[in-house]
Each structure stands twice: as C-alpha cells, then as structure tokens.
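**Student:** Here's my sequence, what's the structure:
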Amino acid sequence: MALALGGPPVPFAGRKYPGSHEGEDLDCNCRPGEDAWWTQGAYFTCCPAHTPPACVPNQSCLAVRRVISVFVRNASRNKRSRRDPLTKEVDTLVQLVLQTYKLKKLVIKEDMLKIVNKKYKSRFHEILRRASFSTEVVFGIDLKEIDSVKPSYALVSKMDLPNNGRLSRGRGLPKTGLLMILLGMIFMKGNCASEEKTWEFLNKMRIFAGKRHFIFGEPRKLITQDFVKLKYLAYRQVPNSDPPSYEFLWGPRAHAETSKMKVLEFLAKINDTVPSALPSLYEEALRDEEERARATVPDRADPTAMASVVRAPVPGAAARPRPSEA
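**Tutor:** Presented below is the predicted three-dimensional model:
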C-alpha cells in the first residue's frame with residue numbers, strides 16, 4: 001500500500017470556480033448556479049447578481065472544503081507530488097508508525113532515522129511533522145513525545161475503537177480518522193446530518209457506498225452498521241419522512257469518549273487555524289464544555305446525598321451497646 005502524503009492545502013487566492021480545483025463541487029450552502037470565490041484566504045458564496053466584494057464569508061464552508069482537500073491529499077494511493085523528494089520519506093515513516101501502533105509499542109526516533117534516506121536526514125523534523133499530520137488526519141492517531149533524552153513517541157488513538165481502530169482482528173488499517181471527520185461533519189451540520197448530505201460529503205473525499213476503499217473497506221457497512229453497533233454514531237429515520245429518509249447523529253459512546261471541543265480542535269488543526277476562528281462552533285463547544293463540567297461536580301445541596309452521608313453505617317457501631325442498654 002502506498003499513500004500520497006502532504007500538508008494542508010494552500011488557498012487558491014483570487015481564483016473563481018464552481019467546484020474544487022479537482023473538478024468536484026464544494027460542500028457548501030450555495031444554491032445551484034451560484035459561484036464560489038476563494039480570495040484572500042477566505043471562502044465566499046454569492047448569488048450571480050453579486051460581485052466578490054458584496055459576498056458574505058462562510059467560514060464553515062471553508063472548513064469543510066479544507067477537510068475534504070486535506071483528506072484527499074493525505075489518503076490517496078497515487079503520488080500527487082512526485083517533484084517533492086520528501087513524499088516518499090513521509091510515506092515510509094507513516095508505514096512504520098502504523099506497524100508500531102499495531103504492535104502496541106513505542107516509536108523510537110533512532111528506528112525512524114534508520115529508514116530515512118541519508119541525504120534527507122537533515123530534514124527529519126519536517127518529515128516527522130508531515131508524517132504525524134497524516135497519521136492524525138487519516139487514521140486518528142496522535143504521535144506524542146514521551147522521552148526527550150532517548151527520543152521516543154507514544155501512539156494515542158483519538159477514540160477507543162476495538163483492535164486499535166481496525167474494528168476486527170487481523171489485517172486492516174485504523175478507521176478512527178474517518179470517524180472523527182464524520183463527527184466533525186455532523187457537528188458542523190447542526191449536530192444532525194442527513195444521510196444524503198453525509199454521502200455527498202464522503203463522495204467528495206472519494207469514499208463511495210458499495211465501492212471498497214483501500215483504508216476503510218466497504219464504507220456503507222462501516223458507517224451504517226459497524227459505527228452504529230459500537231454506538232459511536234446514531235442512524236435513525238427522519239420522523240414523518242415519506243418516502244423514508246435517514247440521518248446521522250453522535251452516538252452515546254462518541255459523547256463519552258470525545259467532546260465537541262476536541263472534535264473542533266481536530267478540524268481546526270486540519271484547517272491550520274485555531275478553534276476560535278470558527279466562532280459559532282467554538283461558542284457551542286464552550287457551552288458543551290461548561291455543561292460537562294457541571295455534570296461532573298456533585299450537588300452539595302442535594303438533601304438525598306446529605307442523608308446518605310448521615311445514615312452511612314459506622315464500622316463497629318453495631319457492636320457497641322447504647323448507654324441505656326449498658
């Protein structure tokens with residue numbers, strides 16, 4: 001297996017196009033016939049009667065487009081940047097990281113240096129940065145340094161999927177990255193995403209229902225059965241829909257193992273920005289953090305809790321007679 005790896009895409013400043021630079025439509029809220037403008041690092045949507053200065057910036061569209069672009073660049077079998085001499089080195093390093101993760105071992109810097117071409121060793125930190133970015137975006141695995149004396153790294157999954165994210169024993173690659181992206185997409189869609197919009201989003205990432213993906217296997221089964229059975233996603237019929245239509249939400253296990261803020265931080269990193277750059281999502285994530293904090297603090301004014309403390313038995317008390325019984 002070969003992955004074409006790279007960093008975040010560079011904005012196409014001042015370029016007008018309907019759809020992405022690869023001929024695919026952007027996942028935004030534009031109506032049919034509208035134009036998409038990418039200028040000064042921001043994405044705008046506008047009706048045909050507007051000129052670019054009159055457009056209104058849509059940061060969520062920008063975030064979605066970059067997620068798609070970065071994922072496609074980092075999860076491809078084909079080498080997109082043959083002029084970049086580091087692509088092969090990054091690819092090789094990612095393979096080592098995945099193999100080490102499968103064995104549940106630490107990644108040792110010395111071992112990584114051994115597989116990097118000697119003429120690129122001086123650029124090892126850049127290679128490691130790009131490899132780390134790719135493993136996080138595509139596979140949902142963080143590379144965290146735990147020993148700076150004898151440099152070594154722990155591999156930490158963003159979610160607790162079975163078998164190190166592979167779901168089933170044996171061969172396969174971690175699916176955590178796709179799950180994180182799906183959770184982010186659902187969050188950006190107002191915490192509920194229709195099945196139709198979800199597959200439109202995945203198709204732009206070159207993930208198609210019924211077509212086996214070299215990392216994720218059969219996507220429809222993975223998303224509508226495996227993730228749902230594990231309670232990371234909820235998949236339900238839209239009430240009163242005729243003909244029946246379906247939608248995705250976060251499942252209870254997703255709420256337990258991650259948070260809106262963590263997912264937003266993941267999306268922000270893909271977008272090479274900070275969570276507060278997406279203000280509406282950031283405010284919602286902050287409210288979610290506050291609610292979680294309140295839920296973990298015991299209510300000291302709860303009379304039931306106080307009563308349970310007062311009535312708790314004291315060891316040995318039953319053996320001591322009361323003064324009137326002495």
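**Student:** ok now do Tyr120, which residues does it touch?
**Tutor:** Pro85, Leu86, Glu89, Ile127 (CB atoms under 8 Å, 6 or more residues apart in numbering). C-beta coordinates here come from the backbone N, C-alpha and C atoms, glycine included.
**Student:** Which pLDDT value belongs to it?
**Tutor:** Listed pLDDT for Tyr120 reads 93.
**Student:** A helix includes it, no?
**Tutor:** Yes. Counting by DSSP: H, G, I helix; E, B strand; the rest coil, Tyr120 is found in a helix.
**Student:** Please report how far it lies from Asn74.
**Tutor:** Going from Tyr120 to Asn74 by CB to CB, to the nearest Å gives 19 Å.
**Student:** Just the pLDDT at Tyr43, thanks.
**Tutor:** 30.
**Student:** Run a quick neighbour tally on the closest residue in space to Phe248 that isn't next to it in sequence.
**Tutor:** Nearest non-adjacent residue to Phe248, counting by CB to CB, 6 or more residues apart in numbering: Ala193, 5.0 Å away. Using other CB atoms under 10 Å, the number of residues around Ala193 comes to 21.
**Student:** pretty sure Ala193 contacts Met185?
**Tutor:** Yes. With contact defined as CB atoms under 8 Å, Ala193 reaches Met185; the gap is 6.0 Å.
**Student:** what sits in contact with each of these two?
**Tutor:** Phe201.
**Student:** which stretches of the stretch 1-150 of the chain form helices?
**Tutor:** For the stretch 1-150 of the chain, the helices defined by DSSP state H, counting those that start in this stretch cover 59-74, 86-102, 109-115, 124-139.
**Student:** so can I have CSV of those helices showing distance to Tyr153 and mean neighbour count?
**Tutor:** CSV is the format used below for those (distance: least, CB to CB, whole Å; neighbours: other CB atoms under 10 Å):
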stretch, distance to Tyr153, mean neighbour count
helix 59-74, 19, 22
helix 86-102, 8, 20
helix 109-115, 8, 13
helix 124-139, 9, 21
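**Student:** low pLDDT regions in the stretch 201-326 of the chain?
**Tutor:** Scanning the stretch 201-326 of the chain for pLDDT under 70 picks out 298-326.
**Student:** among the helices of the stretch 1-150 of the chain, which is nearest Asn163?
**Tutor:** In terms of CB to CB, the element of those nearest to Asn163 is helix 86-102, at 9.0 Å.
**Student:** quick check: mean pLDDT across that closest one?
**Tutor:** For helix 86-102, the mean per-residue pLDDT is 90.
**Student:** got the angle for it vs helix 124-139?
**Tutor:** Here helix 86-102 runs at an angle of 60 degrees relative to helix 124-139 (axes from the mean of the first three to the mean of the last three CA atoms, to 10 degrees).
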